[in-house]
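Peer 1: Next input, structure requested:
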Amino acid sequence: MKQQIRKYAELDLDALFKKFYDNILSSKDLSNFFRDDAHIRSLIERQKVFLLDTITAPDEEMRERYIKLGEIHYDISVPYVDYVFGMHLLEEGIIHNIVAHGEPVALLDATFQFFKLVRAYTAKGYLNKMLNADISDIDLYLSHVQRASDIDTALAIESMIWLKNVLFAIKVENRAVAPALHMHAETIDAIKMVTHGDKVLLDYALDVARRMELDAGNIFFFIESGSYEEVLPLYRDLLSIYKLSLMLTNVVTIASTNSLVQKLAKDQLTGMLTRHSLHPMLRRELLLAETGQYALSLVMIDIDHFKKINDQYGHLAGDEVLARVAQVAGEAIRATDFAFRFGGEEFLLVLKGASHKLAATQAETIREEVERLLFEFEGKPSKVTASFGVATFMAPFELSYNQMIEAADRKLYESKSSGRNRVSA
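Peer 2: Sure, this is the predicted structure:
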(Lines give C-alpha, C1' and ligand atoms only; values in the text may rest on other atoms or scores of the structure.)
Protein backbone atom coordinates (compact mmCIF):
# COMPACT_ATOMS: atom_id res chain seq x y z
CA MET A 1 0.00 0.00 0.00
CA LYS A 2 2.84 2.43 0.85
CA GLN A 3 4.50 1.79 -2.53
CA GLN A 4 1.23 2.60 -4.28
CA ILE A 5 0.91 5.92 -2.41
CA ARG A 6 4.50 6.73 -3.42
CA LYS A 7 3.72 5.89 -7.06
CA TYR A 8 0.90 8.44 -7.18
CA ALA A 9 2.99 10.98 -5.29
CA GLU A 10 5.74 10.66 -7.91
CA LEU A 11 3.25 10.94 -10.75
CA ASP A 12 2.83 14.70 -10.59
CA LEU A 13 5.11 15.80 -7.76
CA ASP A 14 6.82 18.66 -9.59
CA ALA A 15 3.47 20.25 -10.42
CA LEU A 16 2.24 19.77 -6.85
CA PHE A 17 5.29 21.49 -5.35
CA LYS A 18 5.07 24.28 -7.95
CA LYS A 19 1.45 24.92 -6.90
CA PHE A 20 2.51 24.95 -3.26
CA TYR A 21 5.35 27.43 -3.76
CA ASP A 22 3.32 29.64 -6.10
CA ASN A 23 0.81 30.06 -3.26
CA ILE A 24 3.53 30.65 -0.68
CA LEU A 25 5.39 33.20 -2.81
CA SER A 26 2.20 35.12 -3.53
CA SER A 27 2.27 36.18 0.13
CA LYS A 28 4.70 38.97 0.94
CA ASP A 29 5.00 37.76 4.52
CA LEU A 30 5.68 34.10 3.67
CA SER A 31 8.04 34.84 0.78
CA ASN A 32 10.46 36.30 3.33
CA PHE A 33 11.40 32.73 4.32
CA PHE A 34 13.23 32.24 1.00
CA ARG A 35 16.41 33.92 -0.17
CA ASP A 36 16.12 33.52 -3.94
CA ASP A 37 15.03 31.13 -6.75
CA ALA A 38 18.09 28.91 -6.23
CA HIS A 39 17.17 28.54 -2.56
CA ILE A 40 13.61 27.55 -3.49
CA ARG A 41 14.78 24.98 -6.08
CA SER A 42 17.14 23.44 -3.53
CA LEU A 43 14.33 23.21 -0.96
CA ILE A 44 11.96 21.62 -3.44
CA GLU A 45 14.45 18.90 -4.36
CA ARG A 46 15.16 18.09 -0.71
CA GLN A 47 11.49 18.13 0.21
CA LYS A 48 10.55 15.85 -2.69
CA VAL A 49 13.12 13.29 -1.58
CA PHE A 50 12.04 13.66 2.05
CA LEU A 51 8.35 13.12 1.23
CA LEU A 52 8.93 10.10 -1.00
CA ASP A 53 11.33 8.46 1.45
CA THR A 54 9.01 8.89 4.41
CA ILE A 55 6.01 7.45 2.56
CA THR A 56 7.70 4.06 2.49
CA ALA A 57 9.71 4.42 5.72
CA PRO A 58 8.95 2.21 8.74
CA ASP A 59 6.36 3.79 11.04
CA GLU A 60 8.78 4.67 13.85
CA GLU A 61 11.30 6.22 11.44
CA MET A 62 8.53 8.25 9.83
CA ARG A 63 7.43 9.47 13.27
CA GLU A 64 10.95 10.52 14.26
CA ARG A 65 11.66 12.27 10.96
CA TYR A 66 8.48 14.37 11.01
CA ILE A 67 8.87 15.25 14.66
CA LYS A 68 12.36 16.47 13.81
CA LEU A 69 10.96 18.40 10.84
CA GLY A 70 8.47 20.13 13.14
CA GLU A 71 11.28 21.10 15.52
CA ILE A 72 13.31 22.52 12.63
CA HIS A 73 10.34 24.50 11.33
CA TYR A 74 9.71 25.89 14.80
CA ASP A 75 13.36 26.96 15.09
CA ILE A 76 13.22 28.89 11.80
CA SER A 77 9.83 30.39 12.73
CA VAL A 78 7.72 28.76 10.04
CA PRO A 79 4.10 29.05 11.25
CA TYR A 80 2.51 25.63 11.74
CA VAL A 81 -0.64 26.76 9.93
CA ASP A 82 1.41 27.51 6.80
CA TYR A 83 3.08 24.11 6.94
CA VAL A 84 -0.35 22.45 7.21
CA PHE A 85 -1.56 24.49 4.24
CA GLY A 86 1.28 23.04 2.14
CA MET A 87 0.55 19.51 3.30
CA HIS A 88 -3.09 19.90 2.33
CA LEU A 89 -2.07 20.93 -1.19
CA LEU A 90 0.17 17.86 -1.56
CA GLU A 91 -2.49 15.58 -0.09
CA GLU A 92 -5.13 17.02 -2.41
CA GLY A 93 -2.95 16.44 -5.47
CA ILE A 94 -2.12 12.83 -4.61
CA ILE A 95 -5.75 12.04 -3.80
CA HIS A 96 -6.76 13.52 -7.16
CA ASN A 97 -4.31 11.22 -8.98
CA ILE A 98 -5.56 8.15 -7.09
CA VAL A 99 -9.22 8.94 -7.85
CA ALA A 100 -8.42 9.68 -11.50
CA HIS A 101 -6.93 6.19 -11.88
CA GLY A 102 -9.91 4.47 -10.25
CA GLU A 103 -7.98 2.98 -7.34
CA PRO A 104 -9.93 1.29 -4.53
CA VAL A 105 -11.15 3.20 -1.48
CA ALA A 106 -8.59 1.40 0.72
CA LEU A 107 -5.77 3.30 -1.01
CA LEU A 108 -7.57 6.59 -0.41
CA ASP A 109 -7.98 5.71 3.27
CA ALA A 110 -4.28 4.84 3.56
CA THR A 111 -3.34 8.16 1.95
CA PHE A 112 -5.61 10.10 4.30
CA GLN A 113 -4.06 8.25 7.24
CA PHE A 114 -0.51 8.98 6.04
CA PHE A 115 -1.10 12.72 5.84
CA LYS A 116 -2.95 12.71 9.15
CA LEU A 117 0.14 11.20 10.75
CA VAL A 118 2.40 13.68 8.93
CA ARG A 119 0.48 16.59 10.43
CA ALA A 120 0.31 14.96 13.85
CA TYR A 121 4.02 14.14 14.10
CA THR A 122 5.08 17.54 12.79
CA ALA A 123 2.76 19.14 15.34
CA LYS A 124 4.49 17.03 18.00
CA GLY A 125 7.80 18.55 16.92
CA TYR A 126 6.41 22.07 17.28
CA LEU A 127 4.92 21.09 20.64
CA ASN A 128 8.25 19.69 21.89
CA LYS A 129 9.97 22.99 21.19
CA MET A 130 7.23 25.05 22.77
CA LEU A 131 7.24 22.90 25.90
CA ASN A 132 11.03 23.11 26.22
CA ALA A 133 10.93 26.88 25.84
CA ASP A 134 8.18 27.27 28.45
CA ILE A 135 9.85 24.94 30.94
CA SER A 136 13.09 26.89 30.51
CA ASP A 137 11.23 30.17 31.09
CA ILE A 138 9.66 28.78 34.25
CA ASP A 139 13.06 27.66 35.55
CA LEU A 140 14.41 31.15 34.95
CA TYR A 141 11.41 32.67 36.73
CA LEU A 142 11.75 30.35 39.71
CA SER A 143 15.48 31.01 40.01
CA HIS A 144 14.78 34.75 40.26
CA VAL A 145 11.78 34.48 42.57
CA GLN A 146 13.51 32.16 45.00
CA ARG A 147 16.29 34.73 45.45
CA ALA A 148 13.70 37.31 46.45
CA SER A 149 13.29 35.67 49.82
CA ASP A 150 11.55 38.54 51.57
CA ILE A 151 8.74 38.81 49.01
CA ASP A 152 5.53 36.96 49.72
CA THR A 153 6.11 34.44 46.92
CA ALA A 154 5.04 31.11 48.40
CA LEU A 155 1.86 30.86 46.34
CA ALA A 156 3.56 32.14 43.18
CA ILE A 157 6.31 29.53 43.48
CA GLU A 158 3.82 26.76 44.20
CA SER A 159 1.70 27.55 41.14
CA MET A 160 4.78 27.75 38.90
CA ILE A 161 6.14 24.42 40.14
CA TRP A 162 2.70 22.88 39.57
CA LEU A 163 2.73 24.26 36.01
CA LYS A 164 6.26 23.02 35.32
CA ASN A 165 5.29 19.51 36.42
CA VAL A 166 2.19 19.60 34.20
CA LEU A 167 4.31 20.64 31.20
CA PHE A 168 6.80 17.87 31.91
CA ALA A 169 3.97 15.33 31.98
CA ILE A 170 2.74 16.66 28.64
CA LYS A 171 6.24 16.44 27.21
CA VAL A 172 6.67 12.78 28.20
CA GLU A 173 3.01 12.05 27.37
CA ASN A 174 2.25 10.50 30.73
CA ARG A 175 -0.64 11.79 32.79
CA ALA A 176 0.52 9.60 35.69
CA VAL A 177 3.58 11.77 36.33
CA ALA A 178 1.53 14.95 36.36
CA PRO A 179 0.63 16.55 39.67
CA ALA A 180 -3.00 16.55 40.68
CA LEU A 181 -4.83 18.57 38.05
CA HIS A 182 -6.58 20.55 40.73
CA MET A 183 -5.29 23.12 43.15
CA HIS A 184 -4.60 21.81 46.63
CA ALA A 185 -6.92 22.94 49.39
CA GLU A 186 -3.92 24.65 51.02
CA THR A 187 -3.40 26.72 47.88
CA ILE A 188 -7.04 27.77 47.78
CA ASP A 189 -6.82 28.70 51.48
CA ALA A 190 -3.70 30.75 50.74
CA ILE A 191 -5.54 32.58 47.95
CA LYS A 192 -8.40 33.36 50.32
CA MET A 193 -5.99 34.62 52.95
CA VAL A 194 -3.94 36.83 50.65
CA THR A 195 -6.99 38.49 49.07
CA HIS A 196 -8.00 39.73 52.54
CA GLY A 197 -11.76 39.48 52.11
CA ASP A 198 -11.82 41.29 48.74
CA LYS A 199 -14.62 39.26 47.09
CA VAL A 200 -13.96 40.52 43.56
CA LEU A 201 -10.27 39.68 43.80
CA LEU A 202 -11.01 36.33 45.45
CA ASP A 203 -13.55 35.34 42.76
CA TYR A 204 -11.06 36.33 40.07
CA ALA A 205 -8.24 34.29 41.63
CA LEU A 206 -10.44 31.22 42.11
CA ASP A 207 -11.65 31.47 38.50
CA VAL A 208 -8.04 31.62 37.28
CA ALA A 209 -7.24 28.49 39.32
CA ARG A 210 -10.31 26.69 37.94
CA ARG A 211 -9.36 27.53 34.33
CA MET A 212 -5.82 26.28 34.91
CA GLU A 213 -7.18 22.95 36.11
CA LEU A 214 -9.60 22.65 33.17
CA ASP A 215 -6.96 23.46 30.54
CA ALA A 216 -4.44 21.05 32.04
CA GLY A 217 -6.98 18.23 32.01
CA ASN A 218 -8.15 18.87 28.44
CA ILE A 219 -4.72 18.60 26.88
CA PHE A 220 -4.16 15.08 28.21
CA PHE A 221 -7.32 13.89 26.45
CA PHE A 222 -5.76 14.76 23.10
CA ILE A 223 -2.28 13.58 24.07
CA GLU A 224 -3.64 10.16 25.03
CA SER A 225 -5.50 9.83 21.70
CA GLY A 226 -2.30 10.69 19.79
CA SER A 227 -4.04 13.62 18.07
CA TYR A 228 -1.05 15.94 18.06
CA GLU A 229 -2.53 18.02 15.26
CA GLU A 230 -5.33 18.80 17.75
CA VAL A 231 -2.91 19.20 20.63
CA LEU A 232 -0.84 21.92 18.97
CA PRO A 233 -3.56 24.53 18.48
CA LEU A 234 -4.94 23.53 21.88
CA TYR A 235 -1.51 24.03 23.43
CA ARG A 236 -1.39 27.48 21.93
CA ASP A 237 -4.53 28.12 23.90
CA LEU A 238 -2.97 26.25 26.78
CA LEU A 239 -0.16 28.74 26.84
CA SER A 240 -2.93 30.41 28.80
CA ILE A 241 -1.92 27.98 31.58
CA TYR A 242 1.36 29.84 31.65
CA LYS A 243 -0.40 33.18 31.42
CA LEU A 244 -2.98 32.17 33.99
CA SER A 245 -0.21 31.15 36.39
CA LEU A 246 1.38 34.56 35.94
CA MET A 247 -2.02 36.18 36.38
CA LEU A 248 -2.51 34.24 39.59
CA THR A 249 0.95 35.36 40.69
CA ASN A 250 -0.05 38.93 39.91
CA VAL A 251 -3.20 38.55 42.00
CA VAL A 252 -1.03 37.47 44.91
CA THR A 253 1.45 40.28 44.36
CA ILE A 254 -1.24 42.94 44.04
CA ALA A 255 -3.11 41.70 47.10
CA SER A 256 0.12 41.46 49.08
CA THR A 257 1.16 44.94 47.96
CA ASN A 258 -2.22 46.43 48.80
CA SER A 259 -2.03 44.87 52.24
CA LEU A 260 1.47 46.26 52.75
CA VAL A 261 0.49 49.74 51.59
CA GLN A 262 -2.45 49.77 53.99
CA LYS A 263 -0.06 49.08 56.85
CA LEU A 264 2.43 51.79 55.86
CA ALA A 265 2.25 55.22 57.41
CA LYS A 266 0.70 57.94 55.27
CA ASP A 267 1.19 61.68 55.38
CA GLN A 268 -2.04 63.15 56.77
CA LEU A 269 -1.95 66.29 54.63
CA THR A 270 -1.18 64.80 51.19
CA GLY A 271 -2.34 61.20 51.60
CA MET A 272 1.01 60.06 50.20
CA LEU A 273 3.25 57.50 51.83
CA THR A 274 5.78 58.94 54.23
CA ARG A 275 9.52 59.00 53.65
CA HIS A 276 9.87 56.53 56.52
CA SER A 277 8.19 53.91 54.29
CA LEU A 278 10.41 54.59 51.27
CA HIS A 279 13.37 52.27 51.80
CA PRO A 280 11.38 49.13 52.72
CA MET A 281 9.12 49.70 49.72
CA LEU A 282 12.01 50.39 47.35
CA ARG A 283 13.77 47.25 48.52
CA ARG A 284 10.69 45.18 47.78
CA GLU A 285 10.06 46.81 44.40
CA LEU A 286 13.66 46.38 43.26
CA LEU A 287 13.48 42.67 44.05
CA LEU A 288 10.23 42.36 42.11
CA ALA A 289 11.67 44.34 39.19
CA GLU A 290 14.76 42.14 39.12
CA THR A 291 12.57 39.04 39.16
CA GLY A 292 10.41 40.35 36.32
CA GLN A 293 13.33 41.99 34.49
CA TYR A 294 11.54 45.32 34.09
CA ALA A 295 12.54 48.94 34.57
CA LEU A 296 11.94 51.12 37.60
CA SER A 297 11.70 54.90 37.22
CA LEU A 298 11.92 57.53 39.94
CA VAL A 299 10.38 60.99 39.52
CA MET A 300 11.39 63.70 41.99
CA ILE A 301 9.01 66.70 42.21
CA ASP A 302 9.63 70.07 43.88
CA ILE A 303 7.04 72.86 44.09
CA ASP A 304 8.68 76.03 42.80
CA HIS A 305 9.12 79.00 45.20
CA PHE A 306 7.12 77.24 47.89
CA LYS A 307 8.74 79.21 50.74
CA LYS A 308 7.51 82.40 49.11
CA ILE A 309 3.93 81.08 49.18
CA ASN A 310 4.24 80.25 52.89
CA ASP A 311 5.84 83.59 53.72
CA GLN A 312 3.38 85.68 51.69
CA TYR A 313 0.08 83.88 52.26
CA GLY A 314 0.69 81.74 55.35
CA HIS A 315 0.96 78.04 56.10
CA LEU A 316 -2.71 77.27 55.41
CA ALA A 317 -2.21 78.44 51.84
CA GLY A 318 0.96 76.37 51.64
CA ASP A 319 -0.92 73.32 52.92
CA GLU A 320 -3.58 73.78 50.23
CA VAL A 321 -0.90 73.90 47.54
CA LEU A 322 0.77 70.77 48.88
CA ALA A 323 -2.50 68.86 49.06
CA ARG A 324 -3.67 69.79 45.56
CA VAL A 325 -0.32 69.16 43.87
CA ALA A 326 -0.14 65.80 45.65
CA GLN A 327 -3.67 65.02 44.42
CA VAL A 328 -2.67 65.79 40.81
CA ALA A 329 0.41 63.59 41.07
CA GLY A 330 -1.47 60.75 42.76
CA GLU A 331 -4.27 60.72 40.19
CA ALA A 332 -1.80 60.70 37.28
CA ILE A 333 0.00 57.49 38.25
CA ARG A 334 -1.19 53.89 38.03
CA ALA A 335 -2.50 51.82 40.91
CA THR A 336 0.72 49.78 40.82
CA ASP A 337 2.91 52.89 41.27
CA PHE A 338 3.79 54.63 44.55
CA ALA A 339 3.84 58.26 45.66
CA PHE A 340 5.83 59.51 48.66
CA ARG A 341 6.03 62.83 50.41
CA PHE A 342 9.79 63.02 50.41
CA GLY A 343 10.06 66.07 52.60
CA GLY A 344 8.62 69.59 52.79
CA GLU A 345 7.45 70.48 49.28
CA GLU A 346 9.20 67.53 47.60
CA PHE A 347 7.47 64.38 46.37
CA LEU A 348 8.90 61.15 44.95
CA LEU A 349 7.07 58.85 42.53
CA VAL A 350 8.14 55.24 41.98
CA LEU A 351 6.89 54.03 38.58
CA LYS A 352 7.00 50.26 38.04
CA GLY A 353 7.94 48.97 34.59
CA ALA A 354 8.08 52.51 33.19
CA SER A 355 10.68 53.20 30.51
CA HIS A 356 12.65 56.43 30.63
CA LYS A 357 10.49 57.89 27.87
CA LEU A 358 7.24 56.88 29.56
CA ALA A 359 8.36 58.27 32.93
CA ALA A 360 9.38 61.58 31.34
CA THR A 361 6.04 61.78 29.54
CA GLN A 362 4.21 61.08 32.80
CA ALA A 363 6.20 63.78 34.56
CA GLU A 364 5.42 66.29 31.80
CA THR A 365 1.71 65.47 32.08
CA ILE A 366 1.80 66.15 35.83
CA ARG A 367 3.79 69.36 35.28
CA GLU A 368 1.14 70.66 32.87
CA GLU A 369 -1.69 69.70 35.23
CA VAL A 370 0.01 71.53 38.14
CA GLU A 371 0.50 74.61 35.99
CA ARG A 372 -3.25 74.63 35.23
CA LEU A 373 -4.22 74.63 38.92
CA LEU A 374 -5.88 77.84 40.09
CA PHE A 375 -5.68 79.02 43.71
CA GLU A 376 -7.21 82.01 45.45
CA PHE A 377 -5.10 83.58 48.20
CA GLU A 378 -6.34 86.69 50.00
CA GLY A 379 -8.95 87.18 47.29
CA LYS A 380 -6.38 87.07 44.50
CA PRO A 381 -6.08 84.27 41.86
CA SER A 382 -2.71 82.58 42.00
CA LYS A 383 -0.90 79.78 40.22
CA VAL A 384 2.02 77.51 41.09
CA THR A 385 4.51 75.48 39.08
CA ALA A 386 6.73 72.51 39.84
CA SER A 387 10.08 71.17 38.67
CA PHE A 388 10.77 67.51 37.90
CA GLY A 389 13.74 65.15 37.76
CA VAL A 390 13.47 61.69 36.17
CA ALA A 391 15.87 58.75 36.53
CA THR A 392 15.31 55.22 35.18
CA PHE A 393 17.08 52.01 36.19
CA MET A 394 17.16 48.51 34.69
CA ALA A 395 17.89 45.19 36.35
CA PRO A 396 20.34 44.08 37.55
CA PHE A 397 20.33 47.09 39.85
CA GLU A 398 23.86 48.07 40.85
CA LEU A 399 23.18 51.34 42.70
CA SER A 400 22.03 51.64 46.29
CA TYR A 401 18.62 53.09 47.10
CA ASN A 402 20.21 56.39 48.11
CA GLN A 403 22.26 56.55 44.90
CA MET A 404 19.13 55.99 42.81
CA ILE A 405 17.26 58.72 44.65
CA GLU A 406 20.29 61.02 44.30
CA ALA A 407 20.25 60.43 40.52
CA ALA A 408 16.64 61.64 40.34
CA ASP A 409 17.52 64.54 42.66
CA ARG A 410 20.37 65.63 40.35
CA LYS A 411 17.94 65.75 37.45
CA LEU A 412 15.58 67.83 39.61
CA TYR A 413 18.45 70.24 40.32
CA GLU A 414 18.96 70.58 36.55
CA SER A 415 15.34 71.67 36.18
CA LYS A 416 15.58 74.18 39.01
CA SER A 417 18.88 75.64 37.82
CA SER A 418 17.53 75.92 34.27
CA GLY A 419 14.60 78.13 35.21
CA ARG A 420 12.17 75.76 36.99
CA ASN A 421 8.75 74.57 35.76
CA ARG A 422 10.31 71.91 33.55
CA VAL A 423 11.16 68.20 33.37
CA SER A 424 14.78 67.03 33.22
CA ALA A 425 15.24 63.39 32.25
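Peer 1: what's the neighbour count on the residue lying closest to Glu371 once chain neighbours are set aside?
Peer 2: Of all residues not flanking Glu371 in the chain, Thr385 sits nearest, at 5.5 Å (Cβ to Cβ, 6 or more residues apart in numbering). Every C-beta, even on glycine, is put in place using the N, C-alpha and C of the backbone. By other Cβ atoms under 10 Å, 15 other residues sit near Thr385.
Peer 1: Please name the residues that touch Thr385.
Peer 2: Contact partners of Thr385, counting by Cβ atoms under 8 Å, 6 or more residues apart in numbering, are Ile303, Asp304, Arg367, Val370, Glu371, Arg420, Asn421.
Peer 1: Check it and give its pLDDT.
Peer 2: Listed pLDDT for Thr385 reads 96.
Peer 1: Compute the distance between it and Leu13, please.
Peer 2: Plainly put, Thr385 is 76 Å away from Leu13 if you go by Cβ to Cβ, to the nearest Å.
Peer 1: And for Met394?
Peer 2: According to Cβ to Cβ, Met394 and Leu13 sit 54 Å apart.
Peer 1: Show me which of these two is the more surrounded one.
Peer 2: Per other Cβ under 10 Å, whichever of Met394 and Leu13 has more neighbours is Leu13, with 20 against 14.
Peer 1: Could you report the pLDDT at that one?
Peer 2: So, for Leu13, pLDDT stands at 77.
Peer 1: Who are the contact partners of it?
Peer 2: Contacts of Leu13 (Cβ under 8 Å, 6+ apart): Lys48, Leu51, Leu52.
Peer 1: Can you name the helix or strand that the last one falls in?
Peer 2: In this structure, Leu52 sits in helix 37-56 according to DSSP states H and E.
Peer 1: Quick one: mean pLDDT for that helix?
Peer 2: Throughout helix 37-56, pLDDT has a mean value of 79.
Peer 1: Give me the next element, helix or strand, following that helix.
Peer 2: Note on helix 37-56: by DSSP H and E, the next helix or strand toward the C-terminus is helix 59-75.
Peer 1: neighbouring contacts of the helix or strand that that next one is followed by?
Peer 2: Under the assignment DSSP H and E, the closest C-terminal helix or strand after helix 59-75 is helix 80-100. Outside helix 80-100, the residues that touch it by Cβ under 8 Å, 6+ apart are 5, 8-9, 11-12, 15-17, 19-20, 23-24, 30, 51, 70, 73-74, 107-108, 111-112, 115, 118-119, 122-123, 126, 229, 232.
Peer 1: Just the buried positions in helix 80-100, please.
Peer 2: 80, 82-84, 86-87, 89-91, 93-95, 97-98 (16 or more other Cβ atoms under 10 Å).
Peer 1: Tabulate the residues you listed (a markdown table), appending pLDDT.
Peer 2: Shown next, in a markdown table, are the buried residues of helix 80-100 (pLDDT from 0 to 100):
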| residue | pLDDT |
| --- | --- |
| Tyr80 | 75 |
| Asp82 | 72 |
| Tyr83 | 77 |
| Val84 | 79 |
| Gly86 | 77 |
| Met87 | 83 |
| Leu89 | 80 |
| Leu90 | 82 |
| Glu91 | 86 |
| Gly93 | 84 |
| Ile94 | 86 |
| Ile95 | 88 |
| Asn97 | 85 |
| Ile98 | 87 |
